[in-house]
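K.L.:
after the sequence you'll find the predicted model.
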Amino acid sequence: MNNRMPLLCPRCGLPQQVVHQDDPHHPVRVVHTGTGREPCDEPPTVEEPPGESAGGSIGEAPIDVERTGLSRC
């Protein structure tokens with residue numbers, strides 16, 4: 001019975017697997033299961049709608065957390 005825990009990439013969270021090689025200097029490699037490559041694939045970039053990065057909608061002033069007391073939580 002083989003109870004191995006799955007390997008997950010610490011950068012992208014996708015599953016990985018160990019590949020054994022005949023190279024004496026690099027006997028094993030950890031590769032992504034879906035691609036077979038070591039580096040992570042670049043995640044698709046999602047463009048933010050304008051005004052969303054400031055935490056509000058267009059035309060709204062940003063929230064002052066000091067004045068509302070939210071920073072003390």
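P.N.:
Perfect, I can see it now.
K.L.:
what is the least confident helix or strand in the protein?
P.N.:
helix 65-68 (a mean of 68; mean pLDDT, DSSP states H and E).
K.L.:
show residues contacting stretch 16-36.
P.N.:
Outside of stretch 16-36, the residues that reach it under the criterion C-beta atoms under 8 Å, 6 or more residues apart in numbering are 7, 8, 9, 14, 15, 37, 38, 40, 41. Backbone N, C-alpha and C define where each C-beta goes, glycine included.
K.L.:
can you list the buried residues in it?
P.N.:
For stretch 16-36, burial by neighbour count (16 or more other C-beta atoms under 10 Å) applies to 16, 31, 32.
K.L.:
which SS class is residue 30?
P.N.:
strand (DSSP: H, G, I helix; E, B strand; the rest coil).
K.L.:
state the distance from the residue nearest to residue 37 when sequence neighbours are not counted to residue 17.
P.N.:
For residue 37, ignoring the flanking residues on the chain, the nearest one in space by C-beta to C-beta, 6 or more residues apart in numbering is residue 31 at 5.9 Å. Separation of residue 31 from residue 17 (C-beta to C-beta, to the nearest Å): 6 Å.
K.L.:
could you do residue 67 as well?
P.N.:
When distance is defined by C-beta to C-beta, residue 67 is 52 Å away from residue 17.
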